[in-house]
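Participant: Starting from these lines, generate the structure:
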Amino acid sequence: MSDSGRSPAVDPFAPFRPRRGRAVPLAMAAAALTVCAAVAVGMGSAGGWRLADQLALVGFGAVIGAFLLRYASIRAVPDDEGLTVRNLLVTRRVEWGDIVQVRFPDGAPWASVELDDTEELAVMAIQRVDGEVARSEAHRLAGLVSQHRRDTGG
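Facilitator: All right, here's what the predicted structure looks like:
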């Protein structure tokens, strides 16, 4: 991918973050914790639940909320040396010279980078659901990769 069509006003080192993939999990995390807490309180007073049952339900809501907050924190942060990718479960740092290509094929839920050791790393911060913004961000990432490969002779 080339970086043509990208606005020159965009900071090339701005973090990559999903748009919709961030707002929905934040709202759902708040809803999960609120609903679980309300049900726990209601069942404690009207349903005869013990305190341990109530705390277990609130804890379950907190676990769901924590998972959704982690999903909302997905990002990829470029700098002069490379890219730090924080996906759902793993955070990984790769140097620009290790990235061969940025891929975002039709139908893929998010972009990925092909590494020089033939491994592929998902970049969940660039999500298909964000439409044209996602394509633009994939082009921006490809431009960074291309620029740094030229700078290092890769």
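Participant: so what strands line up beside the longest strand along the chain?
Facilitator: In the chain, taking DSSP state E as the definition, the longest strand is strand 120-127. Taking DSSP bridges as the criterion, strand 120-127 sits next to strand 110-115 (antiparallel) in its sheet.
Participant: thinking again about what came up before, how about the longest strand of the chain: buried residues?
Facilitator: 121-127 (16 or more other Cβ atoms under 10 Å). C-betas here are computed from N, CA, C, even on glycine.
Participant: do the same with stretch 58-72
Facilitator: Neighbour-count burial for stretch 58-72 flags 58, 61, 64-65, 68, 71-72 (criterion: 16+ other Cβ under 10 Å).
Participant: List of residues touching it?
Facilitator: By Cβ atoms under 8 Å, 6 or more residues apart in numbering, the residues outside stretch 58-72 that reach it are 21-22, 25-26, 28-30, 32-37, 40, 88.
Participant: Just the buried residues out of those residues, in ChimeraX syntax.
Facilitator: A single ChimeraX command selects the buried members of the contacts of stretch 58-72 (16+ other Cβ under 10 Å):
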select :21,22,25,28,29,32,33,36,40
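Participant: That's all I had, so thanks and see you.
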